[in-house]
Structure formats: C-alpha cells, structure tokens
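Participant: Quick one, fold the following:
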Amino acid sequence: MDSSGFLCRFDGQSKLLVLALLSGASGPFRALDIFQKQQRSSDMSLCSFIQTLCQEEINYRETEAKALTVLPLVCLFPALFKENLLSFIHLIQPVLPQTTILHLIKCLSQDPHSSPWVTTLVKQLKRSMGANNAECLYSPQCSQRLKELSQRLVSCSDTGGWAKCFSSGTAGSESQRAFGLSELGSQRKRKESFISLDSDGEETGSQSKRMKMDICVHECLETEEKSLKEELSESDAPAETPAKEPQPTTDLFDALPEYMKVAVLQIKELLESHTEWDQSSMDVFKVLNECDPGQVELLCRMLNFPDLPEQTLPKLCSCILAPSLDISFSTSATFIRSLLLERVLSLSEPASRCLVNAVTSLCSHCPRPMCHALIEPVLQDANIGNPQAELVSRLIEGCMDSHYKLLVLQMTLKIAWNEAVLSITHSLLDSKLDLSEELFTQFTEQLVSQGPQFTKSVKFAKMMLTVLTKYSSHVNAAHKHSLSSCLVLNETFLKKSLQAALKRISDS
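Facilitator: Numbering: from 1, shown residues only. Below you'll find the predicted structure:
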C-alpha cells in the first residue's frame with residue numbers, strides 16, 4: 001500500500017504531521033511548526049500519534065513465497081519518513097515520555113529493511129537519552145572511509161588540497177548523500193556517480209534507485225539555480241558608463257542563506273507549474289517571515305514578479321495573506337510594489353479579473369502598504385489614465401475605511417491634477433469623508449489653484465458640485481470667496497448649478 005493510504009489510521013491533527021514528514025528534507029521543521037501551532041491551540045499530545053505508528057499492520061511481501069507478515073505501521077513507511085520522524089523526535093524530545101520514545105525505537109528495530117541512516121539516527125536518539133553512550137554512531141565501513149580520507153588529507157598540499165581530495169567523488173559520497181539537498185548552494189560539480197553501501201558493505205536495489213533519484217533532483221535544481229543566475233546577470237547588465245557600479249544580483253544571491261536559495265528555486269518551480277497548489281506548496285512562502293527588506297526585494301527580483309501570468313496572481317496573493325505568514329509593513333510594501341506596480345502603470349485598458357482580485361485582496365488585508373507602495377506611485381505617475389483611475393476608485397469604494405481614504409486624499413494634494421486624478425478625488429469625496437477644518441481648507445486651496453486649467457472639464461465641475469452639496473457645513477466665509485472666484489472661470493453646462501449651490505450656502 002502507498003504511504004498515503006495509511007493516513008486513514010490517524011486523526012485530523014496527526015494527519016498534518018504525517019504529511020509534513022513525507023514532504024522532503026524540510027519535513028522535520030515543518031512538522032515542528034505544525035506541532036507548535038497545534039499545541040498552542042489545543043494542547044495536543046504526541047502520544048496518540050506515536051501509538052498509531054506502533055500499531056501492528058499486516059504486510060504482504062511480493063516474494064516467491066508471497067508471505068504475509070505483521071509489522072508496526074511505522075516500518076511500512078518509506079525511509080525518508082522514518083528519517084524525518086527520528087529527526088523530529090530529536091527536536092521535541094523533552095516533551096515526550098522516555099517510555100514512548102523507547103517503544104517507538106523498539107518498533108523501528110523490527111524493520112527488516114532499515115537504512116544505515118535510520119540506524120544511526122536511532123543510536124543518536126538513544127545517546128541523547130543517556131543510553132548507549134559508548135556505542136559508535138558509524139559503521140566499520142564508514143570508519144575505514146574516514147581513515148582513508150584522513151590519510152589523503154595529510155598527504156595533500158596546503159594549496160588546493162581539498163579540491164584534490166574530493167576530485168574522485170568517492171570519499172565525499174557518504175557525506176554528500178547524508179546532507180542531500182541542503183548543499184544546493186555549493187558550486188562543486190559531480191564528476192562521478194555516487195556509491196551507497198549498506199551496513200554489510202553491499203549495494204541494495206532500493207538504495208541504488210533512491211540515489212539515482214536524489215542525483216537527478218539535485219542536478220535539476222542546480223540547473224535551475226544556474227539558469228536563474230544567468231537571467232539575473234542579463235537583466236542586471238551595467239550601463240555603458242555608470243556613476244556607481246551596483247553589486248551584481250548573482251553575488252547577492254550567493255550571499256543568501258542556503259534555505260532561502262532552496263526556497264527561491266521551489267517558489268520558481270511552483271509559479272511555473274500548472275497544477276493546483278496544496279498546503280505544503282503554500283508553506284514554501286513562509287521564508288518571507290525570515291527575510292529582511294533587502295532580501296525580500298532580491299527574492300522578488302529573482303522570481304520576476306512583473307512577468308508572471310495574471311492567472312497566477314490570485315493564488316500567489318492568497319499564499320502571502322495566509323495566517324501562517326506574519327509579514328511586516330516593509331515586506332508587504334516590497335511585495336506589492338514588485339508584483340503589482342509595473343502591471344498597473346502599464347494598463348491601457350480596464351484591469352483583468354485576475355488583476356482586480358489580486359489588488360482588492362491585498363488592499364483589504366494590507367491597506368497601508370497598498371496606499372504607499374501602489375496608490376501613491378500611481379497618483380504621481382505623469383501617464384496615469386482612465387484604467388488606473390478606475391482601478392484605484394474601485395479600491396476606494398470597496399476596500400478602504402475612512403482613515404485610508406483620508407490618507408489618499410492627502411496624497412492628491414501634493415501632486416498636479418489631471419482628469420484621471422479628478423476621477424479618483426471625486427470617488428474619495430463622494431464617500432462623504434469626515435474632513436477636519438484644516439484638511440478642508442487645504443483641499444479648497446488646491447481646488448482654486450488647479451481650477452484655471454479645468455475650466456471646461458465636466459469632471460472638475462462635478463467634483464466641485466459634490467463639495468458644495470455634501471460638504472456645505474464645512475464652507476466658511478473665506479471658502480465662499482475662494483470658491484466664488486473659481487466658479488467665475490467655469491465654462492461647463494454645470495455652471496448655473498454650481499452657482500445655485502454656492503448661493504444656498506451663502507443664504508443659510
């Protein structure tokens with residue numbers, strides 16, 4: 001039976017742990033994160049999870065005798081799960097009763113196909129509990145390899161010794177296999193195939209298949225990393241005579257921690273896939289919790305956010321807004337600017353449904369970063385047009401409370417107006433803002449100063465009519481004089497309505 005078929009043996013909380021431990025090299029840390037959250041919410045105990053793993057299960061072996069055997073359930077899981085499980089147990093050992101851990105170890109000892117790595121992790125776990133301190137953690141074959149390696153290191157010269165030592169590929173194969181994908185950042189090339197020996201010194205078929213798969217995955221990821229660096233080198237080519245040469249992005253990428261490099265490649269692969277994203281896929285974005293603003297900006301550049309297909313945007317935004325992520329204002333602003341600003345500024349027609357969904361979801365959950373990272377640059381852009389105005393007005397009407405509407409209105413007072421900005425300003429005023437006397441005075445001053453260039457603009461006239469009808473209580477004698485001089489210049493069909501509205505204020 002496939003390991004996923006065993007999920008029905010576990011309760012809901014334990015299923016999440018099983019899936020995490022099956023997810024790959026990061027399984028122990030994903031399981032630890034899940035366990036800590038479950039413990040905070042429901043005071044979960046791992047004893048029932050361990051008991052389920054220790055339950056006996058009938059196993060059908062495909063041999064000449066076609067025998068039926070009874071083994072603990074944990075023995076029927078793949079080696080990766082058992083390795084991740086032991087690493088996870090080591091991380092949370094203080095919260096587990098020692099008898100429960102020993103019972104699990106006893107069940108694992110019944111595994112007829114235990115890998116050397118599982119055997120070593122069991123010994124390490126026993127040692128951490130105070131047992132078997134004298135027992136060696138490595139096999140005689142490994143001991144012999146270490147002696148040979150030490151002799152080769154002694155015979156190597158001081159310069160170039162390590163490169164010469166590892167050039168054959170055999171001495172370092174055991175350590176490279178043990179660390180697996182965690183060594184993605186290394187630039188060493190694999191010149192010969194890896195050799196994996198079991199505890200008796202003989203190659204096994206299952207280990208050979210697994211090694212081929214590990215090598216294939218490793219080489220694919222190395223190819224992706226190389227391709228990504230080439231793209232960054234091309235996109236960051238220096239100008240002919242730069243005043244100050246910036247630090248190459250490839251150097252910045254090399255400076256990233258290894259887990260961030262792995263996360264970048266995983267996210268890149270995820271964004272390029274056409275399959276549905278499950279929870280484990282979304283968890284990859286948790287790397288943003290560990291990034292500083294500079295690293296977030298670098299990650300966004302490496303992932304080419306502006307070039308992503310628009311149908312990917314809603315899924316990507318839902319990952320960023322997941323409860324598991326607690327990103328800061330600066331991280332949110334960097335993400336919004338990298339993902340959306342270029343798209344919005346380049347709109348020549350109304351935004352697509354996918355873009356609208358992405359923008360509205362981010363604005364609903366991150367209104368302040370959205371105002372500063374997207375709306376303000378859009379307002380300041382000289383080429384702002386109707387598509388941008390329509391999108392921003394949609395956000396104002398559906399996603400912002402009065403506080404952020406006032407913030408956007410204050411932004412409009414610092415720029416020169418055009419027809420698109422008039423549409424946005426009219427949307428703000430139409431929502432009946434609670435303007436202070438000082439802010440209303442600033443707005444009327446802007447209205448009067450910008451008025452001469454909009455004498456024939458119907459949008460400007462409609463906005464003034466909104467001011468005179470919805471904000472009549474704010475208009476004092478000084479305002480009336482300024483607005484009256486502004487109305488004299490108006491040449492639209494709304495001029496009489498504007499004058500009548502101002503007269504009603506004067507008579508009241």
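Participant: residues making contact with stretch 499-508?
Facilitator: The contact list for stretch 499-508 (Cβ atoms under 8 Å, 6 or more residues apart in numbering) reads 465, 468-469, 472, 475, 480, 483-484, 487. Yep, even glycine has a C-beta here, placed from its N, CA and C like the rest.
Participant: Centre of the chain to that stretch, how far?
Facilitator: Put simply, stretch 499-508 sits 56 Å off its chain's centre (Cα atoms, centre = their mean, to the nearest Å).
Participant: Can I get it in PDB, CA atoms only?
Facilitator: C-alpha atoms of stretch 499-508 as PDB (Å, rounded to 0.1, in the frame of the first residue of the first chain):
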ATOM      1  CA  GLN A 499     -23.600  79.000  -8.600                       C
ATOM      2  CA  ALA A 500     -27.000  78.000  -7.100                       C
ATOM      3  CA  ALA A 501     -25.400  75.600  -4.700                       C
ATOM      4  CA  LEU A 502     -23.000  78.200  -3.500                       C
ATOM      5  CA  LYS A 503     -25.900  80.700  -3.100                       C
ATOM      6  CA  ARG A 504     -27.800  78.300  -0.900                       C
ATOM      7  CA  ILE A 505     -24.800  78.100   1.300                       C
ATOM      8  CA  SER A 506     -24.500  81.800   1.500                       C
ATOM      9  CA  ASP A 507     -28.200  82.200   2.300                       C
ATOM     10  CA  SER A 508     -28.200  79.600   5.100                       C
END
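Participant: Please, where are all the strands along the protein?
Facilitator: Applying DSSP state E to the chain gives strands spanning 56-60, 68-72.
Participant: Return the list of helices and strands in contact with the last one.
Facilitator: This points to strand 68-72. Helices and strands touching strand 68-72, by 3 or more Cβ pairs under 8 Å, 6 or more residues apart in numbering; DSSP states H and E, are strand 56-60.
Participant: ok, now which ones touch residue 442?
Facilitator: With contact taken as Cβ under 8 Å, 6+ apart, residue 442 is in contact with residue 413.
Participant: Give me the mean pLDDT for stretch 472-490.
Facilitator: Averaged across stretch 472-490, pLDDT comes to 87.
Participant: With just CA atoms, put it into PDB.
Facilitator: What follows is stretch 472-490, C-alpha atoms only, in PDB (Å, rounded to 0.1, in the frame of the first residue of the first chain):
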ATOM      1  CA  SER A 472     -21.700  72.600   2.700                       C
ATOM      2  CA  SER A 473     -21.300  72.600   6.500                       C
ATOM      3  CA  HIS A 474     -17.500  73.000   6.100                       C
ATOM      4  CA  VAL A 475     -17.700  76.100   3.900                       C
ATOM      5  CA  ASN A 476     -16.900  79.300   5.800                       C
ATOM      6  CA  ALA A 477     -16.800  82.900   4.500                       C
ATOM      7  CA  ALA A 478     -13.200  82.600   3.300                       C
ATOM      8  CA  HIS A 479     -14.000  79.400   1.500                       C
ATOM      9  CA  LYS A 480     -17.000  81.100  -0.200                       C
ATOM     10  CA  HIS A 481     -14.900  83.900  -1.600                       C
ATOM     11  CA  SER A 482     -12.300  81.500  -3.000                       C
ATOM     12  CA  LEU A 483     -14.900  79.100  -4.500                       C
ATOM     13  CA  SER A 484     -16.800  82.000  -6.000                       C
ATOM     14  CA  SER A 485     -13.700  83.200  -7.900                       C
ATOM     15  CA  CYS A 486     -13.200  79.700  -9.100                       C
ATOM     16  CA  LEU A 487     -16.800  79.400 -10.400                       C
ATOM     17  CA  VAL A 488     -16.500  82.600 -12.400                       C
ATOM     18  CA  LEU A 489     -14.000  80.700 -14.700                       C
ATOM     19  CA  ASN A 490     -16.200  77.700 -15.200                       C
END
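Participant: need the helix or strand of this protein with the lowest average pLDDT.
Facilitator: In the chain, the helix or strand scored least confidently by mean pLDDT, DSSP states H and E is helix 173-179, which has a mean of 39.
Participant: Show me which of the contacts of stretch 499-508 are buried.
Facilitator: The neighbour-count criterion (16 or more other Cβ atoms under 10 Å) marks 465, 468, 475, 480, 483, 487 among the contacts of stretch 499-508 as buried.
Participant: Let me have the residues you listed in TSV, extended by distance to residue 112.
Facilitator: Formatted as TSV, these follow (distance: Cβ to Cβ, whole Å):
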residue	distance to residue 112
465	86
468	88
475	89
480	94
483	91
487	93
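Participant: Most widely separated two among the residues you listed?
Facilitator: Of all pairs drawn from those, the widest gap by Cβ to Cβ lies between 465 and 480 and measures 15.2 Å.
Participant: Would you mind putting the contacts of stretch 499-508 into TSV with distance to residue 284 alongside?
Facilitator: Compiled in TSV, those are given as follows (distance: Cβ to Cβ, whole Å):
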residue	distance to residue 284
465	52
468	54
469	53
472	55
475	56
480	60
483	56
484	62
487	59
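Participant: Pull up the gap between residue 315 and residue 26, please.
Facilitator: 21 Å (Cβ to Cβ, to the nearest Å).
Participant: To clarify, my last question referred to residue 275.
Facilitator: 20 Å.
Participant: sorry, back to before: comparing residue 315 and residue 26, which residue is more hemmed in?
Facilitator: Shown here are residue 315 and residue 26; by other Cβ atoms under 10 Å, residue 26 has more neighbours (21 against 16).
Participant: backbone phi and psi for the more buried one, please?
Facilitator: phi -90, psi 10 (degrees, to the nearest 10).
Participant: Residue 419 versus that one, what's the distance?
Facilitator: Separation of residue 26 from residue 419 (Cβ to Cβ): 52 Å.
Participant: How about residue 360?
Facilitator: Distance, residue 360 to residue 419, using Cβ to Cβ: 24 Å.
Participant: between those two, who's got more neighbours?
Facilitator: Taking neighbours as other Cβ under 10 Å, residue 360 and residue 419 compare with residue 360 leading, 18 against 15.
Participant: Identify the residue spatially nearest to the more buried one, adjacent ones excluded.
Facilitator: Counting by Cβ to Cβ, 6 or more residues apart in numbering, residue 360 lies nearest to residue 399, which is 5.5 Å off, once chain neighbours are set aside.
Participant: Verify the stated contact: that neighbour with residue 363.
Facilitator: Yes - look at residue 399 against residue 363 with Cβ atoms under 8 Å: they come within range, at 4.1 Å.
Participant: the more surrounded of those two?
Facilitator: Neighbour count, other Cβ under 10 Å: between residue 399 and residue 363, residue 363 has more, with 24 against 17.
Participant: and the more buried one, what does it touch?
Facilitator: Contacts for residue 363 (Cβ under 8 Å, 6+ apart) come out as 370, 395, 399-400.
Participant: Looking only at stretch 256-274, what residues are buried by neighbour count?
Facilitator: Here stretch 256-274 shows 256, 260-268, 270-271 as buried, counting by 16+ other Cβ under 10 Å.
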